[in-house]
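Undergrad: predicted coordinates and the sequence they were generated for:
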Amino acid sequence: RFRFSTMHCGRGEIFFVFYDSFDREFFEKAKSFIHDIKQRNNNPIILLIRNSYDLNIETNQNFITEEEALEFACENNIFFFHISSFKKDESGIKEILEFTLNAMEYLKNLKEKKPKKLRKICNVKKPIIYLYPNKPIDISIQINMKNSNINKFTVVYPKFNKENNTWNVHAKPNGDIIINDRTYPYLFWEAQSYVSDEINEGFIVKDEDSEKFLEEKLKILGLNDKESTDFITFWLPILLANKLSVCTFQSKEYYENFELKIEPKPDSLIRIFLVIKKLKAPINIKEQKLEKIERKGYTVVEWGGSNY
């Protein structure tokens, strides 16, 4: 168990803040300590590290869930890791060491004015999956998550097989998805992921241009009217509230973190992941070029996104 010997915060660049997952009072002190670090240091890199050693501690009313700690990390732009004194698995410690080396290299390059990406935790919101086979068939859909010690599913509906992150469904050409005699319009999942929020190319979007921007880009990317409406009604309120945003449609890093395996393989697979970053003032950024996507045959569509 950990205890603060002092609440004084010195100067530094990288800070490790550990907390016990069963101790609510201790967690609140850790949160205050983090705020103190941020006030006393210029853009510090902070690691909030959860320690747990008892698989039954969630019955304790003072237990801090991983979701609560992750939410605090996201809101405060800090990094979250989990280690366990109960399990012999050392993957969490290895991830921390790997991250620390990456952070030290980042700080070195920053001082030498050589920009380098430093990844952060973000919420992967609303990825939903539509299925359109040519005829009624059984389909297996698996989300192969990279770095499962850091990337975490937060919501899945309908539930999938947790052992392999797989849905086994019966799908119809009209988009109906049937699981255990219940019909769904799509499959839904959300997660928290460890990714870069750096945007090198994209679009500057004002609130009054948001609706037109989404309609135009989604048509290029191959969404039909129903899918576009589902997408726009989720993301439009965020763009309107931001007033000014920089947006990019991410592909490579998202695909690498969350690989989609589908059997039988579709003729067309469309995956759209929109990243939205709120701006205080306009910036210069290279405009992203989007390739027009044509749907053909048996089609699978997934869209989601993240905002900062």
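TA: Yep, that arrived. Note that the coordinates shown come from a computational prediction; the quantities given were computed from them, not determined experimentally. Numbers count the residues shown, from 1 in each chain.
Undergrad: leaving out the residues flanking it, which one is nearest to Tyr157?
TA: Counting by C-beta to C-beta, 6 or more residues apart in numbering, Tyr157 lies nearest to Phe188, which is 4.7 Å off, once chain neighbours are set aside. Backbone N, C-alpha and C define where each C-beta goes, glycine included.
Undergrad: what bridges to that neighbour?
TA: Going by DSSP bridges, Phe188 is paired in beta bridges with Ile128, Tyr157.
Undergrad: likewise the one 4 residues further on?
TA: For Gln192, the residues forming beta bridges with it (DSSP bridges) are Asn123, Lys152.
Undergrad: so how far is Asn161 from it?
TA: Separation of Gln192 from Asn161 (C-beta to C-beta, to the nearest Å) stands at 21 Å.
Undergrad: can you check Asn42 too?
TA: 46 Å.
Undergrad: end to end on stretch 166-180, go ahead and measure it.
TA: Chord length of stretch 166-180, first to last residue, is 15 Å (C-alpha to C-alpha, to the nearest Å).
Undergrad: need the residues that contact it.
TA: Under the criterion C-beta atoms under 8 Å, 6 or more residues apart in numbering, residues 130-143, 158, 160-161, 183-187 lie in contact with stretch 166-180.
Undergrad: in that stretch, what counts as buried?
TA: For stretch 166-180, the neighbour count (16 or more other C-beta atoms under 10 Å) marks Thr166, Trp167, Val169, His170, Ala171, Gly175, Ile177, Ile179 as buried.
Undergrad: on that earlier part again, what subset of the contacts of stretch 166-180 is buried?
TA: Tyr130, Leu131, Tyr132, Pro133, Ile139, Ile141, Gln142, Ile143, Phe160, Tyr184, Tyr186, Leu187.
Undergrad: which of those fall in strands?
TA: Tyr130, Leu131, Tyr132, Ile139, Ile141, Gln142, Ile143, Tyr184, Leu187 (DSSP state E).
Undergrad: between those residues, which is closest to Ser306?
TA: Ile143 (15.9 Å; C-beta to C-beta).
Undergrad: give the contact list for the residue positioned nearest the centre of the chain.
TA: Geometric centre of the chain, nearest residue: Val124, 3.0 Å, by C-alpha atoms, centre = their mean. By C-beta under 8 Å, 6+ apart, the residues touching Val124 are Glu190, Ala191, Gln192, Ser193, Phe258, Gly304, Gly305, Ser306.
Undergrad: from the ones in strands among the buried ones among the contacts of stretch 166-180, which shows the smallest pLDDT?
TA: In terms of pLDDT, Ile143 ranks lowest among these, with 93.
Undergrad: quickly list what that one is bridged to.
TA: Counting by DSSP bridges, the residues bridging with Ile143 are Leu260.
Undergrad: for His35, phi and psi?
TA: When read as degrees, to the nearest 10, the backbone of His35 gives phi -60, psi -40.
Undergrad: per-residue confidence for it?
TA: Looking at His35, its pLDDT is 89.
Undergrad: how about Lys88?
TA: Looking at Lys88, its pLDDT stands at 55.
Undergrad: quick one: stretch 144-163 to chain centroid distance?
TA: Relative to the centre of its chain, stretch 144-163 is centred 11 Å away, using C-alpha atoms, centre = their mean, to the nearest Å.
Undergrad: all helices for the protein, in order.
TA: 24-40, 66-75, 91-111, 210-220, 225-242, 252-257 (DSSP state H).
Undergrad: mean pLDDT lowest where, among these?
TA: Among those, helix 91-111 scores lowest, at a mean of 67.
Undergrad: what comes up buried for stretch 41-51?
TA: Asn41, Pro44, Ile45, Ile46, Leu47, Leu48, Ile49, Arg50, Asn51.
Undergrad: got the CA positions of that stretch in CSV?
TA: Extracted in CSV, the C-alpha atoms of stretch 41-51 (Å, rounded to 0.1, in the frame of the first residue of the first chain):
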residue,chain,number,x,y,z
ASN,A,41,5.1,22.8,-13.4
ASN,A,42,5.0,23.7,-17.0
ASN,A,43,3.3,21.0,-19.1
PRO,A,44,4.4,18.1,-16.9
ILE,A,45,4.0,14.4,-18.0
ILE,A,46,2.0,12.7,-15.3
LEU,A,47,1.4,9.0,-15.0
LEU,A,48,-1.6,7.9,-12.7
ILE,A,49,-0.9,4.3,-11.8
ARG,A,50,-3.5,2.1,-10.3
ASN,A,51,-2.3,-0.7,-8.0
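Undergrad: taking the mean pLDDT, what do you get for that stretch?
TA: pLDDT averaged over stretch 41-51 gives 82.
Undergrad: re earlier: let me know the closest of the contacts of Val124 to Thr233.
TA: The closest of those to Thr233 turns out to be Gly305 (C-beta to C-beta; 13.1 Å).
Undergrad: how close does the closest one sit to Leu218?
TA: Gly305 is 12 Å from Leu218, by C-beta to C-beta.
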